[in-house]
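Trainee: pasting the sequence and the predicted coordinates here, then a few questions.
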Amino acid sequence: MSSSTLRDALRTREVGLRTRLHFSVYANKVGFRLLKGHRKLAHWGARRARAAAGKALIERTGCPVKIDPELGYRWIEPGELPGMDALINSCDGVVEGARPHLPRLGAEAPGRYRIAFDLLGDDGLDQRPELVDAMVSDELLACASDYLGGVPLLRRVAVGHSPGHEEPQGTTWAGSQLFHFDGEDDRQIKVFVLLTDVEDERDGPLTFLPAAASRDAVKKLGGRPVGPVGSYMRAGPYSDEAVREVVNPADLVTMTGKRGRVLLLDTSTTLHQGSRVHHGHERTVFMGVLQRFDLVHETPFNWIDPSRFADGSAQALALTPPRPIQRNFFFPDPLAESSATARRGAGSGPEEIEVERAAAA
Ligand SMILES: O=C(O)CCC(=O)C(=O)O
Ligand SMILES: [Fe+2]
């Protein structure tokens, strides 16, 4: 470990030693590779089983949806993935139900997080099985198995609400409103579904640079997390000025469109930002997160009941994490007044709190 790595590890005193050490290794290119090697060895058996199950699924479905790694994204046309209409209908009313709680949820979240990505909690999710069904369809799991090398885990299912900026002229973006790379692994798939129309930049569209261009950009930007220790960002966040110097704005892709538009995005290989919602506007999106079983940097995940699916099925595999957690451990009912305290009490130490904080963006 280099001296600067050690210095990083010891820099912030308020988080646990384990978190700081993990982060300093993780934030370093060679360290990240070492961690990846370690995870691969530790989960050797599971990886083989998941690769075989993924291959079977790809053969059975013909893998109708594929993501080109050079792009790192794929728009989904209506009817391409089953269950999307049911998913959109199922999210109806989630934000309206949460609306009286939004000011409190905003106040509970530290200032650097500008999007409330947990309006369901584990219980709300359990009441809407169609959300999970859409995220573990044979077609989507085949696509993810092809892209990630085996049947992945569905780790997050969320409805995110981004409020408008408080100040009419405000442009003090922070957290995931700034360009960054997500860091749980070197690949993952996030499924975004617009639940409100996103017409133009005032609605804070998710904005990203395709993977090949992002690879070039990160070489020039420096590929380290510059956020707080324990941040879920593998690299960034970068200032707009820095990004402007190395990125051609014409290469950026924005997720504008009508309610119902669907995007698969690898947020680990594409430089991205979102939620820069202007005063008087708001944005609501659905997000499902598919990550490898042997991911490098764990962030909080939902408890999801696998027992609706046959033992050994690809669906059950996608819902069985290496480390079981209690229902409501990371995501208790966000509409209950006590939920912030409950969340904070859930972990056994600062590591868990950091993991929890990391998920908020
Ligand atoms: O709010 C957004 O659109 C960006 C969210 C984001 O960075 C992510 O989900 O990884
Ligand atoms: Fe992100």
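Mentor: Looks like it came in fine. Ligands and ions are numbered 1, 2, ... in the order given.

Trainee: below-threshold pLDDT in this structure: ranges please.
Mentor: Applying pLDDT under 70 to the chain flags the ranges 1-15, 109-114, 168-171, 230, 338-361.

Trainee: what does it put close to ligand 1?
Mentor: Contact residues (CB under 6 Å from any ligand atom) of the chain with ligand 1: Ile115, Ser162, Ser176, Asp182, Lys190, Leu206, Thr267, His272, Gly274, Ser275, Met287. Yep, even glycine has a C-beta here, placed from its N, CA and C like the rest.

Trainee: in strands, which of those residues appear?
Mentor: Among the residues of the chain next to ligand 1, the members found in strands (DSSP state E) are Ser162, Asp182, Lys190, His272, Met287.

Trainee: ok, the third one - contacts?
Mentor: Residues counted as contacts of Lys190 (CB atoms under 8 Å, 6 or more residues apart in numbering) are Asp182, Leu264, Leu265, Asp266, Thr267, Met287, Gly288, Val289, Leu290.

Trainee: related to what we said a few turns ago, which two in the ones in strands among the residues of the chain next to ligand 1 are spaced the farthest apart?
Mentor: The most widely separated members of these are Ser162 and Asp182, with 16.9 Å between them, by CB to CB.

Trainee: higher neighbour count, these two?
Mentor: Counted by other CB atoms under 10 Å, Ser162 and Asp182 do not tie: Asp182 has more neighbours, with 26 against 23.

Trainee: what is the three-state secondary structure of the residue nearest to Val296 when sequence neighbours are not counted?
Mentor: Once flanking residues are discounted, Val296 sits nearest to Leu35: 4.9 Å by CB to CB, 6 or more residues apart in numbering. On the three-state scheme (DSSP: H, G, I helix; E, B strand; the rest coil), Leu35 is labelled helix.

Trainee: neighbours of Leu35, how many?
Mentor: By the criterion of other CB under 10 Å, Leu35 has 18 neighbours.

Trainee: Asn28 versus that one, what's the distance?
Mentor: Plainly put, Leu35 is 10 Å away from Asn28 if you go by CB to CB, to the nearest Å.

Trainee: would you mind giving the contacts of Lys190 as TSV with distance to ligand 2 added?
Mentor: Shown next, in TSV, are these (distance: CB to the ion, whole Å):
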residue	distance to ligand 2
Asp182	4
Leu264	14
Leu265	9
Asp266	11
Thr267	5
Met287	10
Gly288	14
Val289	10
Leu290	14
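
Trainee: of the residues you listed, which is the nearest to Leu71?
Mentor: Looking across the contacts of Lys190 and measuring by CB to CB, the closest to Leu71 is Asp266, at 8.7 Å.

Trainee: which residue packs closest to the closest one, ignoring adjacent ones?
Mentor: In space, not counting the residues next to it along the chain, Asp266 is nearest to Gly72; the distance is 4.1 Å by CB to CB, 6+ apart.

Trainee: and if you look at Thr207?
Mentor: Excluding the flanking residues, the one nearest Thr207 by CB to CB, 6+ apart is Thr254, at 4.8 Å.

Trainee: contacts only, for the one you found.
Mentor: By CB under 8 Å, 6+ apart, Thr254 lies in contact with Glu201, Pro205, Leu206, Thr207.

Trainee: in PyMOL, select just the buried ones from those residues.
Mentor: Selecting only the buried entries of the contacts of Thr254 in PyMOL, with 16 or more other CB atoms under 10 Å as the criterion:
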select buried, resi 205+206+207
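
Trainee: export the contacts of Thr254 to JSON lines and tack on distance to ligand 2?
Mentor: Formatted as JSON lines, the contacts of Thr254 follow (distance: CB to the ion, whole Å):
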{"residue": "Glu201", "distance to ligand 2": "18"}
{"residue": "Pro205", "distance to ligand 2": "14"}
{"residue": "Leu206", "distance to ligand 2": "9"}
{"residue": "Thr207", "distance to ligand 2": "11"}
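
Trainee: how much space between whichever residue of the stretch 1-150 of the chain sits closest to ligand 1 and ligand 2?
Mentor: Nearest residue of the stretch 1-150 of the chain to ligand 1 (CB to the nearest ligand atom) works out as Ile115 at 4.7 Å. Ile115 is 10 Å from ligand 2, where distance means CB to the ion, to the nearest Å.

Trainee: mind listing what that residue touches?
Mentor: Shown in contact with Ile115 (CB under 8 Å, 6+ apart): Gly160, His161, Ser162, Ser176, Gly274, Ser275, Ala361.

Trainee: ChimeraX command for the buried members of those residues?
Mentor: Listed next is the ChimeraX selection for buried residues among the contacts of Ile115, using 16+ other CB under 10 Å:
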select :160,161,162,176,274,275,361
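
Trainee: let me have the contacts of Ile115 in JSON lines, adding distance to Asp216 as columns.
Mentor: Shown next, in JSON lines, are those (distance: CB to CB, whole Å):
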{"residue": "Gly160", "distance to Asp216": "29"}
{"residue": "His161", "distance to Asp216": "34"}
{"residue": "Ser162", "distance to Asp216": "29"}
{"residue": "Ser176", "distance to Asp216": "22"}
{"residue": "Gly274", "distance to Asp216": "21"}
{"residue": "Ser275", "distance to Asp216": "25"}
{"residue": "Ala361", "distance to Asp216": "25"}
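
Trainee: among the contacts of Ile115, which are within reach of ligand 2?
Mentor: With CB under 5 Å from the ion as the criterion, the members of the contacts of Ile115 in contact with ligand 2 are Ser176.

Trainee: nearest to His101, of the contacts of Ile115?
Mentor: Closest approach to His101 among the contacts of Ile115 (CB to CB): His161, at 10.3 Å.

Trainee: please enumerate the strands of the stretch 201-350 of the chain.
Mentor: 207-209, 233-238, 253-254, 262-265, 271-273, 283-291 (DSSP state E, counting those that start in this stretch).

Trainee: appreciated, that's everything.
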